[in-house]
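1. Build me a structure from this.
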Amino acid sequence: MGHTRRGPENLGASFFEPSLTPAGYYMLGFYAHPNNMLLSGWVFAARDDSSDGPLLQQPLDYTLVWSSESLKIKQDGIGYIWLPVAPQGYKAVAYSPWIYFHPKETYLPSSVTWFFVNGALLYTKGEESNPVPIEQTGSNLPQGGSNDGNYWLDLPVDEAGKERVKKGDLKDSQVYLHVKPMLGATYSDIVIWVFHPFNGPAKAKVKHVGDWEHVTLRVSNFNGELHRVYFSKHSGGSWVDASDLEFHGGENKPCAYSSLHGHAMYSKPGMVLQGSGGIGIRNDTAKNMIVMDTGLRFLLVAEISYDLEDEVKKVEKILPGKLNAAFEKFINGLPNEVLGEEGPTGPKVKRNWNGDEV
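-> Predicted coordinates:
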């Protein structure tokens, strides 16, 4: 059992593990509980009694997701949360959303690496006639600096390459995960970022290079249940309680709907006007066969972080019509640099990176 302070009434929380596990049983996880409440949960162990091959296997390794080492609190010992690395053919069954794209969607997602290797160019102010191809790892992108307008990214120069990159590559795409504690660490927010090489134009909406949208899963740290989901849209968004979500095929995977060309996220299909009084920007969504299972390909680009200033690396891009897009350097994984979401900053410098959704 481990013990930490803070949280409700500053009494902290305790973590319990099964003891005296019978032979042949596997521990399936720990149990966390706030110390200001009576115990009401369980620890779990299971055994494999299948006759047609093993259903349970030991993990091959573990990846560190979170540690209390950097927290300036009283604790009996440092706490760690680990993600097991499953053997081939095994995977965690959890809340990874299914994202549906409009049947007329032209500008689909891709991985950032795909965007780089398929012709994305780095421009330097004063040397606009000599753009530089971006390395697969983003290693030749500028480091540090401020939004001084000296560098920007753009599509390939040739029209064929430009149109191909605009369309993305859904088969190559992956999502980028960021995990952060919320509400006194009683919940974990799992932010799922999706990258589109090109955005728009949606109905009455401008177009630009590089588009990031996200959904956020808020999961209880005490019972592992999905509490609610945040759907980002046009530099804002909204929370939807788990009871009001649509789930894929009767599973526990919530559905999200990406709007046509604009890529705003919604919890249900249909047409939504962004505005009031019946006048606004039209956002169309629909369910069809163009879909992304976010649990298939993902990259953990940032675990829980507490020092934003030391990690942010970004430069600004100037677009025709005084539109802005940006890119910045993610830590802990490849690719290192990413474009910005609907504005002059990328995901790492959004207010919701370490804080709550707004």
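
2. quick one: T216 and S188 touch, right?
-> No. Using Cβ atoms under 8 Å, T216 is not in contact with S188; the gap is 10.3 Å. The C-beta positions use only the backbone N, C-alpha and C, and glycine is treated the same way.

3. what sits in contact with each of these two?
-> Counting by Cβ atoms under 8 Å, 6 or more residues apart in numbering, T216 and S188 have no contacts in common.

4. Using CSV, write down the CA coordinates of stretch 134-142.
-> Presented in CSV, the C-alpha positions along stretch 134-142 are these (Å, rounded to 0.1, in the frame of the first residue of the first chain):
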residue,chain,number,x,y,z
ILE,A,134,12.0,18.8,-43.5
GLU,A,135,13.9,15.8,-42.2
GLN,A,136,11.7,12.8,-41.3
THR,A,137,12.4,13.3,-37.6
GLY,A,138,12.1,17.1,-37.8
SER,A,139,15.7,17.4,-36.7
ASN,A,140,16.4,20.4,-39.0
LEU,A,141,13.5,22.5,-37.6
PRO,A,142,14.4,25.7,-35.7
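
5. State the mean pLDDT of that stretch.
-> Here stretch 134-142 scores 84 as its mean pLDDT.

6. Show me which parts of that stretch are buried, residue by residue.
-> For stretch 134-142, a neighbour-count test (16 or more other Cβ atoms under 10 Å) marks I134, G138, L141 as buried.

7. mind checking how far the second one is from K233?
-> According to Cβ to Cβ, to the nearest Å, G138 and K233 sit 28 Å apart.

8. Now tabulate the buried residues of stretch 134-142 in CSV and tack on secondary structure and distance to N150.
-> Supplementary listing: the buried residues of stretch 134-142 in CSV, determined by DSSP: H, G, I helix; E, B strand; the rest coil; distance: Cβ to Cβ, whole Å:
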residue, secondary structure, distance to N150
I134, coil, 16
G138, coil, 17
L141, coil, 12
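
9. Export those residues as CSV, with columns for distance to D154.
-> Formatted as CSV, those follow (distance: Cβ to Cβ, whole Å):
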residue, distance to D154
I134, 10
G138, 15
L141, 13
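
10. and which of those is nearest to P34?
-> Set against P34, the nearest of the buried residues of stretch 134-142 by Cβ to Cβ is G138 (41.6 Å).

11. Surely that closest one is in contact with V117?
-> No. Counting by Cβ under 8 Å, G138 sits too far from V117 to count as a contact (10.6 Å).

12. Strictly from the record, what residue spans define the domains of the chain?
-> Domain ranges of the chain: 2-85, 98-349, per automatic domain parsing.

13. can you tell me which helix in the protein is longest?
-> When the chain is scanned for its longest helix (criterion: DSSP state H), the result is helix 159-166.

14. That one: which residues count as buried?
-> Neighbour-count burial for helix 159-166 [16+ other Cβ under 10 Å]: R164, V165, K166.

15. can you check stretch 232-250 too?
-> Here stretch 232-250 shows S232, K233, H234, G237, V240, A242, L245 as buried, counting by 16+ other Cβ under 10 Å.

16. Reformat these as TSV; add secondary structure.
-> Compiled in TSV, the buried residues of stretch 232-250 are given as follows (DSSP: H, G, I helix; E, B strand; the rest coil):
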residue	secondary structure
S232	strand
K233	strand
H234	coil
G237	strand
V240	strand
A242	helix
L245	coil
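
17. Now the two most distant members of those.
-> Taking Cβ to Cβ, no two of the buried residues of stretch 232-250 sit farther apart than H234 and A242, at 23.9 Å.

18. Report how many residues lie close to D284.
-> The number of residues packed near D284 is 20, by other Cβ atoms under 10 Å.

19. How about I99?
-> Neighbour tally, I99, other Cβ under 10 Å: 24.

20. Quick check, it in contact with V194.
-> Yes. With contact taken as Cβ under 8 Å, I99 and V194 are classed as touching, separated by 6.7 Å.

21. Overlap of the contact sets of the two?
-> Common contact partners of I99 and V194 (Cβ under 8 Å, 6+ apart): S258, M292, T294.

22. Double-check the last one against I192; I have them as touching.
-> Yes. Taking Cβ under 8 Å as the definition, T294 is a contact partner of I192 at 5.5 Å.

23. picking up where we left off before, reformat the domains of the chain as TSV; add distance to D356.
-> TSV is the format used below for the domains of the chain (distance: least, Cβ to Cβ, whole Å):
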stretch	distance to D356
domain 2-85	17
domain 98-349	6
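
24. among those domains, which is the most enclosed?
-> Mean neighbour count (mean count of other Cβ atoms under 10 Å) peaks for domain 98-349 among those, with a mean of 18.

25. How far off centre is that one?
-> 9 Å (Cα atoms, centre = their mean, to the nearest Å).

26. Make residue 1 into 736 and carry on from there
-> I'll keep to 736 as the first residue from here, and by that count the last item is domain 833-1084.

27. If you count neighbours, what's buried in stretch 819-831?
-> Within stretch 819-831, the residues scored as buried using 16+ other Cβ under 10 Å are Y830, S831.

28. Please measure how far the first residue of that stretch sits from its last one.
-> Chord length of stretch 819-831, first to last residue, is 16 Å (Cα to Cα, to the nearest Å).

29. ok now do F933, which residues does it touch?
-> Taking Cβ under 8 Å, 6+ apart as the contact definition, F933 lies against Y842, L890, V900, K901, K902, G903, K942, H943, V944, G945, D946.

30. hang on, I meant N1023
-> Y835, F836, H837, P838.
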